[in-house]
Structure formats: structure tokens, C-alpha cells
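*Asks:* sequence and predicted model, in that order:
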Amino acid sequence: MDVELFSINAVNPNGRKKRVLLGCTGSVATIKVGLLVSQAIAESCIGNAEPSIEVRIVATDNAEHFIVHEDLPKDSKIYTDSDEWNSWSSREDPILHIELVKWADIFVIAPLDANTLAKLAQGLCDNLLTCVARAWNFDKPLLFCPAMNTRMWEHPVTAPHVATLTSWGYKEIPCVEKRLACGDVGMGAMAEVDDIIRHVFASLESVSCDEGSDEPCRLDEFDSSGSSDSYFTDSDSENLQNSET
């Protein structure tokens with residue numbers, strides 16, 4: 001592995017870490033979110049005395065089924081649809097998806113399943129993740145990693161949906177061919193974690209947040225670290241790590 005690909009000068013002049021918002025959807029590949037977050041934070045230490053990125057997670061309801069909480073770094077913050085609705089009671093209250101957009105320097109959707117891909121391409125925003133995407137600031141990078149069964153990937157509607165997102169300036173990290181969770185072999189698996197991190201860090205290098213340029217943000221008013229329960233066990237995760245959609 002070329003270490004230089006993973007080194008990053010991610011600390012801004014005002015001293016804060018660069019902020020990665022990771023979105024995950026209802027693909028089996030979501031079992032790799034813990035590995036992705038942990039490895040990205042570890043790699044960001046290269047050339048730095050401490051981690052130079054901060055990661056927060058937005059999960060759809062279906063994604064929660066696949067998240068292995070034990071694999072995530074301690075105190076990882078996971079925001080869900082319930083946080084969006086339960087945190088609001090009056091017109092003066094902050095709106096979670098808007099505050100997440102203000103907070104983040106980059107939005108990475110990994111994995112992006114077929115359902116959410118279709119929603120984004122049509123402009124739908126019926127959950128927290130898609131609302132973040134709909135409100136996203138196009139001056140900041142948005143990366144997406146498709147992940148779905150080969151038959152879904154090869155459906156005629158998929159390519160136009162991907163093309164729509166890239167036409168807006170979103171960056172695709174292409175899926176790969178491998179044995180999928182269902183046992184089929186073909187295109188549709190999420191890109192490898194190393195490749196995703198390489199693309200994320202490359203995009204972060206172009207992000208410059210000068211002192212005083214951050215939008216006022218009230219995200220700290222939200223205190224959500226997600227459920228401590230997990231549908232998947234460590235053994236389930238190990239069985240699927242090398243074969244997933």
C-alpha cells in the first residue's frame with residue numbers, strides 16, 4: 001500500500017479537524033461502516049500527532065439493520081430519522097439536516113443502495129439522509145459509492161440515475177465485481193474500503209476552511225450517538241466482510 005495515498009493535511013488553519021459526514025443506506029455493505037470509519041481515522045494520523053478528521057454518521061432506517069456498533073470507534077455519533085423529528089418542537093429549534101450540511105466539509109454516501117440512488121436522482125427527500133443530500137452545498141464535495149445486486153446494477157434505470165448525480169457534480173466511487181452476499185458473482189459490490197478512503201482524502205485536500213469561514217452551526221445541540229443494540233453480531237459481520245452488495 002502506498003502510504004502517501006492516505007496521508008492528509010486535514011487540520012484547518014483555525015485548528016479544527018476536517019469534518020466527514022458519512023451516509024449509509026440499506027445495503028449489506030453497511031456492515032463495513034465500522035471498518036471504514038476506524039480505518040479513515042487511523043489513516044488520518046499519518047504525518048499528524050492525532051486524528052485530523054472527525055466523522056459523524058447519518059443512517060437510514062434500513063441501514064440500522066446492518067450497522068455493527070461494536071466495530072465503530074467509541075462515542076461515534078449516528079443520526080437517524082428519529083433524531084430529525086424528536087429534536088424539533090418549535091420554530092426556533094434547529095433543523096438537524098440543515099445543521100449537518102453546515103457542519104460537514106464533505107458528504108460521503110457509502111454504501112448508496114439502489115433505492116436511495118433512485119430517490120436522489122429524482123430529488124426525493126423523505127428521510128434524514130436524503131434531506132441532507134437535497135440541502136447540500138454544492139461548493140463542498142459529495143461522494144457516493146453504489147452498492148447493489150448485479151441484477152439491480154444492470155437494470156436500465158441505474159446508469160441514468162448515476163449519470164444524473166455525476167452531472168450535478170457528485171463524484172462516483174465505482175462499484176466492483178466480486179462474490180455478493182447472495183452468492184452471485186458480478187458487478188455491484190461497494191468499492192473497497194482502501195479505495196474509498198483514498199478518494200475521500202483526495203477530496204478533502206481541496207477543501208479549505210479558513211478561519212472565520214465556517215457557517216454558524218447548532219449541531220452540538222443534538223446529542224445522538226445511536227442505539228447500543230445491533231441486529232448483526234461480530235460473527236455475522238466476519239462472514240460477510242468479503243462478500244457483500
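*Replies:* In hand now; what should we look at? Residues are numbered from 1 along each chain as shown.
*Asks:* confidence score at Asn239?
*Replies:* Looking at Asn239, its pLDDT is 51.
*Asks:* who does Lys18 form a beta bridge with?
*Replies:* On the basis of DSSP bridges, Lys18 is bridged to Ile53.
*Asks:* what's the burial count for it?
*Replies:* Look at Lys18: counted by other CB atoms under 10 Å, it has 24 neighbours. Glycine gets a C-beta too; all of them are placed from N, C-alpha and C.
*Asks:* now swap in Glu50 and tell me
*Replies:* 9.
*Asks:* report the secondary structure state of it.
*Replies:* Following DSSP: H, G, I helix; E, B strand; the rest coil, we place Glu50 in the coil state.
*Asks:* give me phi/psi at it?
*Replies:* With angles defined as degrees, to the nearest 10, Glu50 sits at phi -150, psi 170.
*Asks:* where along this structure do the strands fall?
*Replies:* Remark: strands assigned in the chain by DSSP state E are 18-24, 53-59, 77-79, 106-112, 142-146, 171-172, 176-179, 185-189.
*Asks:* could I get those strands as a markdown table with mean pLDDT and distance to Val157?
*Replies:* Below are the strands of the chain laid out as a markdown table (pLDDT from 0 to 100; distance: least, CB to CB, whole Å):
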| stretch | mean pLDDT | distance to Val157 |
| --- | --- | --- |
| strand 18-24 | 96 | 21 |
| strand 53-59 | 96 | 25 |
| strand 77-79 | 95 | 29 |
| strand 106-112 | 98 | 14 |
| strand 142-146 | 98 | 13 |
| strand 171-172 | 98 | 16 |
| strand 176-179 | 90 | 20 |
| strand 185-189 | 92 | 14 |
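*Asks:* who are the packing partners of the lengthiest helix in the chain?
*Replies:* Ranked by residue count, the top helix of the chain under DSSP state H comes out as helix 193-205. With contacts taken as 3 or more CB pairs under 8 Å, 6 or more residues apart in numbering; DSSP states H and E, helix 193-205 sits against strand 18-24, helix 33-43, strand 106-112, strand 142-146.
*Asks:* got these as a markdown table, with distance to Leu129 columns?
*Replies:* Output for the helices and strands packed on helix 193-205, formatted as a markdown table (distance: least, CB to CB, whole Å):
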| stretch | distance to Leu129 |
| --- | --- |
| strand 18-24 | 5 |
| helix 33-43 | 13 |
| strand 106-112 | 7 |
| strand 142-146 | 11 |
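*Asks:* among these, which comes closest to Ala191?
*Replies:* Closest of these to Ala191 is strand 142-146, at 5.3 Å (criterion: CB to CB).
*Asks:* between that closest one and strand 106-112, how big is the angle?
*Replies:* Following axes from the mean of the first three to the mean of the last three CA atoms, to 10 degrees, one obtains 10 degrees for the angle between strand 142-146 and strand 106-112.
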